[in-house]
Each structure stands twice: as C-alpha cells, then as structure tokens.
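Chemist: Here's my sequence, what's the structure:
(one chain, ligands or ions: 1)
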Amino acid sequence: MLNVRRQLKEYATKLVTSGLVVGAGGNLSMRDGAYMYISPSGFDLQEIEEEQWVKVDIETGKVLSDLKPSSELLMHLECFRRRSDIDSVLHAHPSYSVGVSSASKDIPSMFPDFPAMIKNVKYLDYMIPTTHVLADAVAEVIEETDVVVMRNHGVLTVGKTMKEAYFFMQLTEEAAKVYTISSSVGIPRLLTEEECQDLKNLSSEKYRAKLLKNSQ
Ligand SMILES: [Zn+2]
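Modeler: The predicted structure is shown next:
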C-alpha cells in the first residue's frame with residue numbers, strides 16, 4: 001500500500017535528520033492489514049525508496065519481497081502480534097537515552113509532557129541485538145508499555161500511528177537529554193510521584209493524548 005510506504009519513507013528521513021539514528025542503525029515498520037512493511041537490512045534509512053520496503057506476513061513471518069528485512073524483524077513481528085491496537089513500530093539508537101540508561105539509571109520525569117504522555121517505560125538489560133532472546137524480552141513487556149528502553153543499545157516505541165511512535169521516541173530522548181543537562185549543572189530536581197499523577201489526570205493532557213492517537 002503506497003500510503004504506508006510513503007509514511008515509512010517520510011519518518012525514516014526524519015529519524016536520520018533529527019539525529020535519532022546514525023548510518024544504517026535503527027529500523028521501522030508499519031502494519032497493512034495482515035502484512036507489515038519494514039526497512040530493508042543494511043540501508044541508510046533515508047536512502048530507502050518507497051518500493052524497497054520489505055513486505056512480511058505478520059502471522060507466519062514469511063518475507064514476501066526480494067530484499068532482506070531488517071535484522072530486528074523478530075522484534076517488530078512480536079510487537080504487531082501482541083498489540084492489535086498499534087500499527088507502527090520504531091526502533092532507534094538515540095544517544096541520550098542510551099547514555100542515561102547505560103549508567104544503570106532510569107530516565108526520570110523532569111518536565112510535564114513526559115509523565116503526561118508516556119505511561120510506563122520498561123527497561124531491558126543488554127542483550128545481543130537481532131536475536132530471539134531480545135525479541136522474546138520485548139514481547140514480554142510490550143503489552144504493558146509503548147516505550148521500551150534497551151540499555152547499551154537503543155529504544156523501541158510503538159503507536160497507533162507512526163506520528164505517535166515518533167513522538168514517544170522524541171519525548172523519551174528529550175527527557176534523557178534534559179536529565180543529562182541538569183545533572184551536569186547541579187542536582188536535578190525531579191517531578192514527584194504526586195506531580196506526575198496530577199499530570200496524568202489532567203483532562204487537557206488526556207485530550208492531547210487522544211488527539212494524537214486519532215491523527216493521521
Ligand atoms: Zn538496534
């Protein structure tokens with residue numbers, strides 16, 4: 001489906017220009033009925049043409065294109081299989097998120113949008129990328145969250161739309177960046193549990209989350 005591939009191309013370019021991935025790192029996919037389209041292996045994300053996205057049967061995992069799919073295919077398949085409510089999966093290697101989480105820290109809430117828009121970030125310790133082990137670990141937590149941070153590796157986000165998955169990726173990276181800046185200046189003042197809860201309950205924030213889900 002052209003629209004899906006066009007969106008994939010658009011966001012692949014955004015990922016590179018925003019610095020969330022470098023070179024051939026990172027991968028993204030979208031559901032199209034019983035199938036998904038995923039970035040081919042070994043390509044610089046911004047150089048993938050619309051017709052080069054690899055079609056895969058979600059249930060069987062059978063590859064239906066000539067090009068080889070991303071080596072993280074298994075991880076993407078598990079997300080679509082376990083989350084019928086999402087149509088987009090994004091995996092990147094954003095430096096601040098990888099940096100903070102690799103210091104054995106979780107990314108804290110320091111500004112309102114992060115706790116308001118992202119419920120429940122899950123953290124995975126380092127596992128060798130592209131393996132069943134990592135795909136199984138993601139499968140185990142993806143039903144409870146839209147954001148998985150893999151220490152010493154990267155971040156995976158899912159969304160109803162690619163716009164949403166991309167926004168979750170940006171917000172997570174921004175939160176890690178703000179925490180890093182604050183830590184270099186002094187002692188960061190984190191939002192308290194109560195403050196985070198109030199933000200989650202704010203009707204205007206709920207409205208924004210809903211708006212984002214329905215757009216595109
Ligand atoms: Zn990766």
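
Chemist: use CA for all of it now, contacts and neighbours both
Modeler: Will do.

Chemist: do you know how far the residue nearest in space to the middle of the chain is from V141?
Modeler: Within the chain, the residue whose C-alpha comes closest to the C-alpha centroid is T157; the distance, by Cα atoms, centre = their mean, is 2.1 Å. Between T157 and V141 the distance, using Cα to Cα, to the nearest Å, works out to 12 Å.

Chemist: Mutual contacts of the two, please.
Modeler: Shared contacts of T157 and V141 (Cα atoms under 8 Å, 6 or more residues apart in numbering): V148.

Chemist: ok, the residue nearest to the centre of the chain - contacts?
Modeler: Taking Cα under 8 Å, 6+ apart as the definition, contacts of T157 comprise 89-91, 146-148, 165-166, 168-169.

Chemist: could you redo the last one with a cut-off of 6 Å?
Modeler: 89-90, 146-147, 165 (Cα atoms under 6 Å, 6 or more residues apart in numbering).

Chemist: Now the most far-flung residue of the chain relative to its centre: phi and psi?
Modeler: Here the centre of the chain is the reference, and by Cα atoms, centre = their mean the most remote residue is G186, at 29.8 Å. Dihedral angles of G186 (phi, psi; degrees, to the nearest 10) stand at phi -170, psi -140.

Chemist: ok, now G159?
Modeler: Torsion angles at G159 (phi, psi; degrees, to the nearest 10) stand at phi -160, psi 160.

Chemist: follow-up on the earlier one: what's the offset of the host helix or strand of the residue nearest to the centre of the chain from the middle of its chain?
Modeler: T157 belongs to strand 154-159 when assigned by DSSP states H and E. For strand 154-159, the distance between its averaged C-alpha position and the chain's averaged C-alpha position is 2 Å (Cα atoms, centre = their mean, to the nearest Å).

Chemist: what's the longest helix in this structure?
Modeler: helix 162-185 (DSSP state H).

Chemist: The helix or strand following that one: which residues count as buried?
Modeler: Per DSSP H and E, helix 162-185 leads on to helix 193-201 as the next helix or strand towards the C-terminus. Along helix 193-201, these residues count as buried under the neighbour rule (16 or more other Cα atoms under 10 Å): 196, 199-200.

Chemist: Let's see helix 193-201 as PDB, backbone CA atoms only.
Modeler: Only the C-alpha atoms of helix 193-201 are listed here, as PDB (Å, rounded to 0.1, in the frame of the first residue of the first chain):
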ATOM      1  CA  GLU A 193       5.200  10.900  42.100                       C
ATOM      2  CA  GLU A 194       2.300  13.200  43.100                       C
ATOM      3  CA  GLU A 195       3.100  15.800  40.500                       C
ATOM      4  CA  CYS A 196       3.300  13.100  37.800                       C
ATOM      5  CA  GLN A 197       0.000  11.600  38.900                       C
ATOM      6  CA  ASP A 198      -1.700  15.100  38.700                       C
ATOM      7  CA  LEU A 199      -0.300  15.400  35.200                       C
ATOM      8  CA  LYS A 200      -1.700  12.100  34.200                       C
ATOM      9  CA  ASN A 201      -5.100  13.100  35.500                       C
END
